[in-house]
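> have a look; sequence and predicted model below, questions after that.
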Amino acid sequence: MPPLSTRWLAVLGVLVVAGTCARCAMAAQAGESKIAVIVSSRDHDVPAIDPGMLRNIYLKKVFVDPQGHAYIPVNLPPDSKLRQAFFRTAIGMSELRLQNYWNQQYFQGVSPPFVLGSEAAVVEFVAKTPGAIGYVEPCFVTADVSTVQLLTLPAAASFQSAGACPARATH
Amino acid sequence: MSNPRRRYRHHADLLVWGLAVILACILPTCAASADASWLAQPYRLGQGLYFPQQSLRVGGYADIHFYSLGQHPTALSVEDLSLFLSKDIGTHWKLFSETELGDALVIDSQHATTKDANIDVERLYADYHTSSGITLRFGKFLTPVGQWNLVHADPLVWTVSRPLTTTGSFSRHASGAMLYGTVSLKQNDLDYWLFADDSKAFAFTRSHNLAFTDYGASSTLRNDFQHAVGGQFLYHMLDDRLSLGASYVRYALKNPQQQYRLTGIDFGWSSRRVEFSGEGIWRTSDSPLIPDEYGGYVQAVIPLPRHLYAVGRYERYRNSLPNQWVTLRTFGIDYRPESGISFKLEYRDGNNNAALAPNGVLASIGVLF
């Protein structure tokens, strides 16, 4: 096997650098590729919520925490890109599979989580409601809520942010 | 109150009145816990109508069936009209009821009749969420054996007809108490149901669980529990794409009055291109005069373009009364234009099946509302 020429090494180097930069550029959009799972800052005794537990809370398979306090998961509207990304990443289900799941649960008397109209509404509701759990873009997180999980979305599940982060989020 | 029969009757009365009083009192008044900041969700088929101020959901399902089977007259039937009421009380309690109007109208080539119409309380129970992964249920509920019996509504299943395996050897309903929930096991979910039935004491409706529910079935064998104890486990894997279940029930039927043991297994596997599911049961009796009953089915569903699905099912069932093997082959097509609506057309044939599920064409329109 002949040794690589300096020219080929240079081309290879350029490709590696270009690839790294592309990854850097994607990472630079990290604000659009993370989801903060939030609870009220007043919920001091919230037990740790691992990914499996988060999934079961949102699928309404678990209703209360080990101390017996009720979980109140809240959702964004079905057409929300953030919701779709959240369910693909945290729940592992597409909207269609999820719809079938809820039809079956509905027959068994279990209803899907309540829907709030915007991320700002989710933050406001979670901040005021003990036991509530929501998900928003990290820039929506305020001092009134605590992040219990920060989900990093795989490239396939990343989404375009629907709107600018609120000014108050920079407090 | 020393007479056991009277004591049981008293318990049954207490259960009925207790649930009825709770249901009646909470409907208009006791539910101001819902926060005003909830958005009212737009109504969607298959999700019911939600009243946030009352924490009440009202919904149900309806289906119309068409049969052209064997020697039986071709018929159209308003088969089920079911009403669901679901109500949260605080954060730990929930009430649920399903009231069904069955065979409301049957039309055949000779006449139309409502004489077979019947109203039944299919389910009526209270759930109490005790702690993470444990919920207690009291009342009348669906027997946790296999997956079909737990989710059997026409708009949610793939065929008009129901496999014999899911009705032939056990009561579809139980009355008593149940413990159920979901726990994590090796990073997967394990659903469990453990129940104890005392229908002799707590059954508050006079309806019967027919062993064979299909139109055209000439067997009128009943499978009403007298008492039962059992449970089911369902293990989910591969992001819920694969599930494996097992169930066991020991019970006594009202007629024939014998002790039985039933063991069941079930599975479900789905991918983008195909969905497979199946159930199997094996029932033994303490009496040497009653033969074992066993069988199972395997079903495949293939998605086609334009919301169409091709369905095929093969079932073998060894019945005890009459004592014979039954084979059923079912081929059908489903059209589901949107969630909660289902149009089905299927053809069924088999061997030794005239008495339990005769050959022919079946169709249905089902709506979950």
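Yes, it's here. Remember, predicted model here, so these are calculated numbers, not experimental data.
> how about the contacts made by residue B:331?
Residues near residue B:331 by Cβ atoms under 8 Å, 6 or more residues apart in numbering or on different chains: B:311, B:312, B:346, B:347, B:348. For glycine as for every other residue, the C-beta is placed from the backbone atoms N, C-alpha and C.
> and those residues, which is closest to chain A?
Sorting the contacts of residue B:331 by distance to chain A puts residue B:311 at the head of the list, at 15.2 Å, by Cβ to the nearest Cβ.
> in a strand, the closest one, correct?
Yes: if the criterion is DSSP: H, G, I helix; E, B strand; the rest coil, then residue B:311 is within a strand.
> in terms of contact, does it touch residue B:298 like I think?
No: contact between residue B:311 and residue B:298 fails when scored by Cβ atoms under 8 Å: they sit 11.9 Å apart.
> with neighbour numbers in mind, choose between the two.
Looking at residue B:311 and residue B:298 with other Cβ atoms under 10 Å in any protein chain shown, you find the greater number of neighbours at residue B:311, namely 20 against 16.
> neighbours of the residue in chain B that chain A sits nearest to, how many?
Nearest residue of chain B to chain A, counting by Cβ to the nearest Cβ: residue B:91, 3.4 Å away. Neighbour count for residue B:91, taken as other Cβ under 10 Å: 17.
> quick one on the thing from earlier: any of the contacts of residue B:331 buried? List them.
Buried by 16 or more other Cβ atoms under 10 Å in any protein chain shown: B:311, B:312, B:346, B:348, out of the contacts of residue B:331.
> just checking, next helix/strand downstream of whichever strand or helix holds the third one?
What it means is residue B:346. Counting by DSSP states H and E, the secondary-structure element that holds residue B:346 is strand B:341-351. Per DSSP H and E, the first helix or strand lying C-terminal to strand B:341-351 is strand B:360-368.
> could you check the angle that next one makes with strand B:341-351?
Here strand B:360-368 runs at 150 degrees with respect to strand B:341-351, directions being taken by axes from the mean of the first three to the mean of the last three Cα atoms, to 10 degrees.
> mind listing what's buried along strand B:360-368?
Neighbour-count burial for strand B:360-368, with 16+ other Cβ under 10 Å as criterion, is recorded at B:360, B:362, B:363, B:364, B:365, B:366, B:367, B:368.
> over to stretch B:90-105?
B:91-92, B:94-105.
> mind listing which of those are in strands?
Helix and strand membership here follows DSSP state E; of these, those in strands are B:94, B:95, B:96, B:97, B:98, B:99, B:100, B:101, B:102, B:103, B:104, B:105.
> can I get those residues in JSON lines with distance to residue A:126 and pLDDT?
Converted to JSON lines, these look like this (distance: Cβ to Cβ, whole Å; pLDDT from 0 to 100):
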{"residue": "B:94", "distance to residue A:126": "22", "pLDDT": "94"}
{"residue": "B:95", "distance to residue A:126": "27", "pLDDT": "96"}
{"residue": "B:96", "distance to residue A:126": "28", "pLDDT": "96"}
{"residue": "B:97", "distance to residue A:126": "32", "pLDDT": "96"}
{"residue": "B:98", "distance to residue A:126": "33", "pLDDT": "96"}
{"residue": "B:99", "distance to residue A:126": "37", "pLDDT": "95"}
{"residue": "B:100", "distance to residue A:126": "39", "pLDDT": "93"}
{"residue": "B:101", "distance to residue A:126": "42", "pLDDT": "92"}
{"residue": "B:102", "distance to residue A:126": "44", "pLDDT": "87"}
{"residue": "B:103", "distance to residue A:126": "48", "pLDDT": "85"}
{"residue": "B:104", "distance to residue A:126": "46", "pLDDT": "85"}
{"residue": "B:105", "distance to residue A:126": "49", "pLDDT": "89"}
